[in-house]
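Trainee: sequence and predicted structure are below.
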Amino acid sequence: MKSGILDAFMAEGEKFVRSSIAQLIGSIARHDAGTWAKLPRFLKDIASAQQPEYREGGMQLLSIIADSAPDVILQHFSNYKHALDKSLQEPKSDSAYYAAKTLINIAPFIGSESVGKIQPLLVTVLNLNKLLVETDEARAIEVMELWEILLESELSLIAPHIKTLSEMCLGIINNKELEESLRSKAIHFISCLAETKKKAIIKLKLLQPILNTLFTCMVTEDYPDDQEDFEEAETLAVVASQALNSLALNMSPDKLMPPLLAMIEASLITPDPRAKRGAYVALAVVAEGCAEYIRSKHMDTFARVATAGIQDPEMIVRNAALFAVGQFSEFLQPDMSNYSDLLLPVLFTYLTQITSVPTVKTVNKSWDRLFYALEMFCETMEEKLEPYLPLLMERIFVALGPDHSMALKELALSAIGSAANATKEALVPYFPQIMTLLREFLVTDQEDEELLKLQIQALDTLAAIARTIGESTFTPLSSECMNFALNLIRSRDDPDLRKVTFGVFASLSIVMKENMQPYLGEVVQPMTDAIVSVEGMTTFTKEEEEEAFPIVEGLDDDDSDAEEIDLELINDDDDETDDKDSGVDGLNVENSYLEEKEQALYGLGEVALNTKSAFLPYMEKSFDEVFRMADYPHEDIRIAAVSALANLIVCLAKSEPVAPEELQKRLMQVVPKLAEIIQTDDDTEVVSAALQSFLEILTDVGSAALQAPGHKEATINCIESVMKKKNRLSE
């Protein structure tokens, strides 16, 4: 049969049919290449054929097998090297494109033994890439994928070409006649370069031209709509700002900031609002990476410039300045809080302007920017906010009045949550009025999308208040609030609503403790349902993925409505079915359902921790479902799972009467799992969360956590792996 398939491929003249046969050959090679002795020779012969049509078909087949079974190509690479080189030197042919695709597909698997064979081909691929920029932009984008893969490789394949590649990408970015997708891909290469080769940027004197190009994009490129959030719109200016953020996170501030600040200063004094907007966005995106440098050398200037920007007559400038204030508030603390007398009066004045006229039918994106800045600044002030609380709450209560829109009310409720997090018991004088307003939003039979958004925010605010305002104040209303949450989750099927409801359950458990027992059945069930749920998941094939997402991968994952999950990681180990054979290459999970699952894990762990013995009837099922999530492919779910596992263990240890056998049984699952994650997980935040969970178990459970065979050794090995920088935390 195999020989017949190869013969059919040779004989087929129709490109579409030949491509289908090639896919079949690739699928067989994935599983059976070891016994297909004729395949390597066949590939060499057809890829080296003199007739262009045969050589093109051979290169296409080579690229397909490189995708499905890269080891087949790498094991016999010497056989194909000459044919690949020859095809790449015919840049106008399809053979050259397929030769480049072959290299792209094997690139993640290249070992040190193959470097000498592949290195000479990269110059011709680079020349092909330059030609495709002029003749076929879609293929140029595909070929550029090779450079990003090689940047992330530990091998030095790309080092001799960094300067030439960077100059090519900067030329692409600066060429406004090219498609935005190609220019965005070039910017993404610059981001990857900053993350992986920061020393090369300095050594090759690339920093200044990179800054010039990125900043020019940020101050000259248009946004789709002046009402649109600049950090949410997928535009060239946004991608450039993300690249600048990457530079700030990875480069030395002493090298980066002086030339950048010179460009920002020049843009701030121009009359062009687009230039000013770009300058404020630049200030915002460097705040995280260059925080210490800014705080020590430019804090006063940054705070005063941002305050001035909020008062600019142009809305797009005000929005950018408000974004900068939010970023400064998050990353430039505690210094930023020292400017409350300067900044808060300006923010309050802006808020007064918005609420002084009815907004019942109005939606304005600038509100989002104002409340983002206000919330970030107020929340990070903590108790320093208390002197300003009367004026802040006065303005917020006006925004929650009948003259204002649902959208403005939603933002105002969020601001109350931030104020609660900052001032805690100082919010008590306003608690009765807040609860009156929350009841109005939560007790209603109306069903519409705007109201649902408001109810979701009302529940989120309720959760924040329950955590912070004090048990003596909130306890009398805890049963009423529990019923608010349960009634809404019964009546509305919405993942966002369930997510915030789980947060309410967790907050109420802090107040109610064991008294939550009568409600636990209804509380635990929807959380475990969410943990095991596959709702919101859709399968996709590679071809469907390429059609759906043809522009640029990885520009801003947070703005996507779905997260891509590797299908192989989510399958059970004993699942013998091969999803790739069924044509399925992966899963997309809608963000709402992923966030619901994450909050369910956190909520379940916290409810268990706070209700102790009352939770024990639900322990077995809860533990088993949470434990499975420790291997979930998405890092946020793994982080939530290890946190929940620690809380479940502490619940067992603190419950009365203590069940030592059950505790040891669960410790024998959790301790090895945490040790495995700490030493092998590829995500720094997951490793950090696992270490934190391990610490909580050791602190709250004590020596019992180390009684089982191997637990002491596992603990010591984890400590050594961290101290000797043998795991992800070393990065």
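Mentor: Yep, that arrived.
Trainee: flag every buried residue along the helix or strand containing residue 688.
Mentor: For residue 688, the element it lies in under DSSP states H and E is helix 684-701. Neighbour counts over helix 684-701 (16 or more other Cβ atoms under 10 Å) mark 686-691, 693-694, 696-698, 700-701 as buried. C-betas here are computed from N, CA, C, even on glycine.
Trainee: so which residues of the stretch 501-650 of the chain form helices?
Mentor: Counting by DSSP state H, counting those that start in this stretch, the segments of the stretch 501-650 of the chain that form helices are 520-532, 542-548, 567-570, 591-611, 619-628, 635-654.
Trainee: what is the mean pLDDT for the second one?
Mentor: Put plainly, it is helix 542-548. Taken as a whole, helix 542-548 has a mean pLDDT of 48.
Trainee: now do the last one
Mentor: For helix 635-654, the mean pLDDT works out to 95.
Trainee: so where's the stretch 1-150 of the chain shaky on pLDDT?
Mentor: 1-4, 7, 9-13, 18, 29, 31-37, 40, 47 (pLDDT under 70).
Trainee: where in the stretch 551-700 of the chain is pLDDT low?
Mentor: In the stretch 551-700 of the chain, residues with pLDDT under 70: 551-587.
Trainee: what's the answer for the stretch 151-300 of the chain, then?
Mentor: For the stretch 151-300 of the chain, applying pLDDT under 70 flags the ranges 223-233.
Trainee: and residue 402, which of the helices of the stretch 501-650 of the chain is closest to it?
Mentor: Judged by Cβ to Cβ, the one of these that comes nearest to residue 402 is helix 591-611, at 30.3 Å.
Trainee: the inter-axis angle of that closest one versus helix 684-701?
Mentor: Angle, helix 591-611 to helix 684-701, by axes from the mean of the first three to the mean of the last three Cα atoms, to 10 degrees: 10 degrees.
Trainee: may I have helix 591-611 exported as PDB, CA atoms only?
Mentor: Taking C-alpha atoms only, helix 591-611 is exported to PDB below (Å, rounded to 0.1, in the frame of the first residue of the first chain):
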ATOM      1  CA  ASN A 591     -11.900  33.100  27.900                       C
ATOM      2  CA  SER A 592     -15.100  33.500  29.900                       C
ATOM      3  CA  TYR A 593     -15.200  29.700  30.600                       C
ATOM      4  CA  LEU A 594     -11.500  29.600  31.300                       C
ATOM      5  CA  GLU A 595     -11.800  32.400  33.900                       C
ATOM      6  CA  GLU A 596     -14.900  30.700  35.400                       C
ATOM      7  CA  LYS A 597     -12.900  27.500  35.900                       C
ATOM      8  CA  GLU A 598     -10.000  29.500  37.400                       C
ATOM      9  CA  GLN A 599     -12.300  31.300  39.900                       C
ATOM     10  CA  ALA A 600     -14.100  28.100  40.700                       C
ATOM     11  CA  LEU A 601     -10.700  26.600  41.800                       C
ATOM     12  CA  TYR A 602      -9.800  29.600  43.900                       C
ATOM     13  CA  GLY A 603     -13.300  29.800  45.400                       C
ATOM     14  CA  LEU A 604     -13.600  26.200  46.200                       C
ATOM     15  CA  GLY A 605     -10.200  26.200  48.000                       C
ATOM     16  CA  GLU A 606     -11.100  29.300  50.000                       C
ATOM     17  CA  VAL A 607     -14.500  28.000  51.000                       C
ATOM     18  CA  ALA A 608     -12.900  24.800  52.200                       C
ATOM     19  CA  LEU A 609     -10.200  26.700  54.200                       C
ATOM     20  CA  ASN A 610     -12.800  28.900  55.900                       C
ATOM     21  CA  THR A 611     -15.600  26.400  56.600                       C
END
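Trainee: just the strands from this protein, written as ranges.
Mentor: Secondary structure of the chain, counting by DSSP state E: strands at 537-540, 562-566, 586-590.
Trainee: surely residue 399 and residue 348 touch.
Mentor: No. The pair residue 399 / residue 348 is not scored as a contact, 11.9 Å apart, by Cβ atoms under 8 Å.
Trainee: compare those two (neighbour count), which wins?
Mentor: residue 399 (23 against 16; other Cβ atoms under 10 Å).
Trainee: contacting residues around the more buried one?
Mentor: Contacts for residue 399 were tallied using Cβ atoms under 8 Å, 6 or more residues apart in numbering; they are 351, 354-355, 408-409, 411-412.
Trainee: can I get the residues you listed in TSV with pLDDT?
Mentor: What follows is the contacts of residue 399, written out as TSV (pLDDT from 0 to 100):
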residue	pLDDT
351	92
354	88
355	88
408	91
409	93
411	93
412	95
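Trainee: would you list those in a markdown table and tack on neighbour count and distance to residue 142?
Mentor: Shown next, in a markdown table, are the contacts of residue 399 (neighbours: other Cβ atoms under 10 Å; distance: Cβ to Cβ, whole Å):
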| residue | neighbour count | distance to residue 142 |
| --- | --- | --- |
| 351 | 23 | 49 |
| 354 | 20 | 47 |
| 355 | 21 | 51 |
| 408 | 23 | 46 |
| 409 | 23 | 47 |
| 411 | 23 | 42 |
| 412 | 24 | 48 |
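Trainee: what's around the residue nearest to residue 614 when sequence neighbours are not counted, how many residues?
Mentor: Once flanking residues are discounted, residue 614 sits nearest to residue 517: 3.9 Å by Cβ to Cβ, 6 or more residues apart in numbering. Residues near residue 517, counting by other Cβ under 10 Å, number 15.
Trainee: how far away is the nearest residue to residue 162 once chain neighbours are set aside from residue 247?
Mentor: The shortest distance from residue 162 to any non-neighbouring residue, by Cβ to Cβ, 6+ apart, is to residue 200 (5.1 Å). Counting by Cβ to Cβ, to the nearest Å, the separation of residue 200 from residue 247 is 13 Å.
Trainee: more neighbours: the two, which one.
Mentor: Neighbour count, other Cβ under 10 Å: between residue 200 and residue 247, residue 247 has more, with 26 against 16.
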